[in-house]
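A.B. asks: sequence and predicted structure, then a few things I'm wondering about:
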Amino acid sequence: MTATTATTTVTAMTGLRNSSQTMSLVAFTSVATITLLLCVMTGPDRDDLDEFYTGYGSLSPLRNGLAIAGDYISAASVLGAGGVIALYGYDGVVLALSTALSLMLLMFLLAEPLRNAGRFTMGDALARRMPGRSVRIVACAVTIIALLPLMLVQLAGAGQLLAFILGFSSDFLQTGCIIGLGALMISYAAIGGMKGTALIQILKIVMLLGSGAVIAVLLLNRFHWDLGSFFDTAAERSGAGPAFLRSGLEFAGGPSPRLDMISSELTVVIGGACLPHITMRMYTASSARQVRRSMSWAVSSVALFVAIVTVVGFGATALLGRAAIARADPQGNTAYLLGSRAVFGAGMSTTETLLFTTVTTAVFLTLLASVAGMILACANSLAHDVFATRVQDMPVRREMSLARYSALAVGVPAILLATLVQHRGLQPLVTLSFCLGASAIAPALVYSLFWRRYTRTGLLSTLIGGTLAVLLLMPGTNLVSGSPAAAFPNADFNWFPFTTTGLVTIPLGFACGWLGTVASGRREEEEQRRRYDAMEGWILAGAVRRDSGGTPEEPPHDRRKSPA
């Protein structure tokens, strides 16, 4: 494909025909209507906390696994990973594989203990051993701080995508799209609860994988299924030559490329699957066996996604060239859509237009579903961990009302902030969420579930210390300033030599937990050891102790109220 043809294809992508725009508008409207109807039909029909927070664990392993994969694969994963692959080749593939590895780490290390220890929120799992409002309040604060940046990215992306596809150029109309879609996402969380949002995630992942698989097949068929020719063409059109297929291209401009790459991969692997909107799906499984099977389906779905986004990313570079992709978006966030569009050539038939509309609708639904899941996780934590624990026996109806109002309280500020940052580079926000997951949440979960001596002081030190370390170091990275693609390209306060903070803040998060525990004193450590020994069987294996008459005791998290 010549440079002129590539430019024509990109121009065609950014200026779709009226028929394509009409079809996209009909598809987007239909998806929004159907998904909202699903939430209304499957949402709780009575005042029942278990139904709202977990859907009674009624989803089969297959459906629950698809819902987990749907929550895990956000729009940032689809557009961001596709962009990194299209611009940097091999390094992008490693990043995409890291997402699958992160979910495998959750499956083998944390999934079952989390399901056994928790009930509704991350605060439940952490307060299992260390009851107290301080633990729950800090857990809620970290949940919101970790997920809010991702919500802003998805909301801004949803508005930009809708405006991009429909041809809106006015900032006012783009802002209107963000506000309207944000209101829809709040409705998903408040009306549908866990089961309603799960069905949206299932629909999203099926559409995303199905449409992506068709595009990947068409791309490979374009090169006659010759993988050597496919990758060689991508390397040639990248302008980097063989370096495109080797490690190091993405971080080549930094002072420590190898360490920067290690830091980024470590952050994704440790932090990706520990974010609260992912871990809350563990509580929807009805048994340890169910959570294992669910995670198997989730990992398989994410692995298929990695294969698809790799083919589409390389295909975009092979057909259009790296320069054309960078011109459309310096960070490559449109590469997935450009690659899907380029496979059809300069003109599209009605069938091809319908298929491309399916791809854009799948990305649109990914944006909607991702934010709905994050709003639900934040609202559940705010209602259950902060407000419900203030009253000894809060009525169920009141707590459910609080959860719905909390969705509004979280969603409205997120919408307003998204309208303010929509024209900034948003990659620092995505990185910030992953760094918080890796540096604060992951150490807290690992220590709480597996370390006998871990104390309340150690837990609070982990959450607060890890969070503050990330918030202090992140502004100094080159994602925020000091480079043309940074959030503030005209400023330069880049003093931290890495793209992510993980190489420093992950060990620091674990160290804060250890120091806090040591500082608690031997007496508190021994008390926590005894407490852990009493519940170790339940946390690690779901074992239920029996009373003197041989009758199984009711598991702690099946009672009406979790320990405060």
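C.D. replies: Good, I have the coordinates.

A.B. asks: end to end, how far does stretch 490-510 reach?
C.D. replies: End-to-end span of stretch 490-510 (Cα to Cα, to the nearest Å): 36 Å.

A.B. asks: average pLDDT across that stretch?
C.D. replies: Average pLDDT, stretch 490-510: 89.

A.B. asks: same check, this time on stretch 445-458
C.D. replies: 92.

A.B. asks: buried set for that stretch?
C.D. replies: 445-449, 451, 453-458 (16 or more other Cβ atoms under 10 Å). (Glycine included, C-beta is placed from N, CA and C.)

A.B. asks: can you redo these as a markdown table with distance to residue 274 and secondary structure?
C.D. replies: Shown next, in a markdown table, are the buried residues of stretch 445-458 (distance: Cβ to Cβ, whole Å; DSSP: H, G, I helix; E, B strand; the rest coil):
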| residue | distance to residue 274 | secondary structure |
| --- | --- | --- |
| 445 | 6 | helix |
| 446 | 9 | helix |
| 447 | 13 | helix |
| 448 | 12 | helix |
| 449 | 12 | helix |
| 451 | 16 | coil |
| 453 | 22 | coil |
| 454 | 17 | coil |
| 455 | 21 | coil |
| 456 | 20 | helix |
| 457 | 21 | helix |
| 458 | 18 | helix |
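
A.B. asks: which one among those residues gets closest to residue 241?
C.D. replies: residue 446 (42.3 Å; Cβ to Cβ).

A.B. asks: pLDDT score assigned to residue 548?
C.D. replies: According to the model, residue 548 scores 37 on pLDDT.

A.B. asks: same question for the one 3 residues further on.
C.D. replies: Residue 551 carries a pLDDT score of 35 in this model.

A.B. asks: isn't residue 245 right up against residue 88?
C.D. replies: No: contact between residue 245 and residue 88 fails when scored by Cβ atoms under 8 Å: they sit 10.5 Å apart.

A.B. asks: which residue ranges of the stretch 301-450 of the chain form helices?
C.D. replies: All helices of the stretch 301-450 of the chain, identified by DSSP state H, counting those that start in this stretch, fall at 322-328, 335-342, 350-381, 396-421, 427-436, 442-450.

A.B. asks: check which residues of the first one are buried.
C.D. replies: Same thing as helix 322-328. In helix 322-328, the ones that count as buried by 16+ other Cβ under 10 Å are 322, 324-326, 328.

A.B. asks: just the fourth one next, same as before
C.D. replies: Under the neighbour-count criterion of 16+ other Cβ under 10 Å, helix 396-421 has 396, 399-400, 402-404, 406-411, 414-415, 417-419, 421 buried.

A.B. asks: any low-confidence regions in the stretch 251-400 of the chain?
C.D. replies: Within the stretch 251-400 of the chain, the stretches with pLDDT under 70 are 346.

A.B. asks: swap that for the stretch 101-250 of the chain, please
C.D. replies: Scanning the stretch 101-250 of the chain with the threshold set as pLDDT under 70 gives 164-169.

A.B. asks: for residue 261, which non-adjacent residue is spatially closest?
C.D. replies: residue 251 (5.2 Å; Cβ to Cβ, 6 or more residues apart in numbering).

A.B. asks: now residue 451: how far from residue 514?
C.D. replies: 9 Å (Cβ to Cβ, to the nearest Å).

A.B. asks: swap that for residue 383, sorry
C.D. replies: Counting by Cβ to Cβ - residue 383 and residue 514 are separated by 32 Å.

A.B. asks: compare the two (neighbour count), which wins?
C.D. replies: Ranked by neighbour count (other Cβ atoms under 10 Å), residue 383 and residue 514 place residue 383 first, with 28 against 17.

A.B. asks: show me what contacts that one?
C.D. replies: 399, 402-403, 405-406 (Cβ atoms under 8 Å, 6 or more residues apart in numbering).

A.B. asks: one more: residue 386?
C.D. replies: Residues in contact with residue 386 (Cβ under 8 Å, 6+ apart) are 136-137, 140.

A.B. asks: likewise for residue 407?
C.D. replies: Residue 407 neighbours (Cβ under 8 Å, 6+ apart): 186, 189-190, 375-376, 379.

A.B. asks: distance of it relative to residue 196?
C.D. replies: 12 Å.

A.B. asks: what's the answer for residue 28, then?
C.D. replies: 19 Å.

A.B. asks: the two - which one has more neighbours?
C.D. replies: Neighbour totals were compared for residue 28 and residue 196, and residue 196 leads with 27 against 21 (other Cβ under 10 Å).

A.B. asks: now that one, nearest residue through space, not along the chain?
C.D. replies: Residue 196's closest residue in space is residue 39 (Cβ to Cβ, 6+ apart), at 3.7 Å.

A.B. asks: check residue 139 too.
C.D. replies: residue 123 (3.9 Å).

A.B. asks: I'd like to know how far that neighbour sits from residue 279.
C.D. replies: In terms of Cβ to Cβ, residue 123 sits 11 Å off from residue 279.

A.B. asks: ok, now residue 306?
C.D. replies: 21 Å.

A.B. asks: more neighbours: which of those two?
C.D. replies: Using other Cβ under 10 Å as the criterion, residue 306 and residue 279 rank with residue 279 on top: 26 against 22.

A.B. asks: tell me if I am right that the more buried one is in a helix.
C.D. replies: Yes: looking at residue 279 with DSSP: H, G, I helix; E, B strand; the rest coil, it is inside a helix.

A.B. asks: from the contact counts, what lies against the helix or strand encompassing residue 215?
C.D. replies: In this assignment (DSSP states H and E), residue 215 forms part of helix 193-222. On a contact count with 3 or more Cβ pairs under 8 Å, 6 or more residues apart in numbering; DSSP states H and E, helix 193-222 meets helix 18-42, helix 49-54, helix 61-72, helix 227-238, helix 288-320, helix 335-342, helix 350-381.

A.B. asks: now those in a markdown table, with distance to residue 84?
C.D. replies: Below are these laid out as a markdown table (distance: least, Cβ to Cβ, whole Å):
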| stretch | distance to residue 84 |
| --- | --- |
| helix 18-42 | 26 |
| helix 49-54 | 35 |
| helix 61-72 | 17 |
| helix 227-238 | 13 |
| helix 288-320 | 8 |
| helix 335-342 | 9 |
| helix 350-381 | 16 |
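
A.B. asks: just those: most buried one?
C.D. replies: Stretch with highest mean neighbour count among those: helix 335-342 (a mean of 28; mean count of other Cβ atoms under 10 Å).
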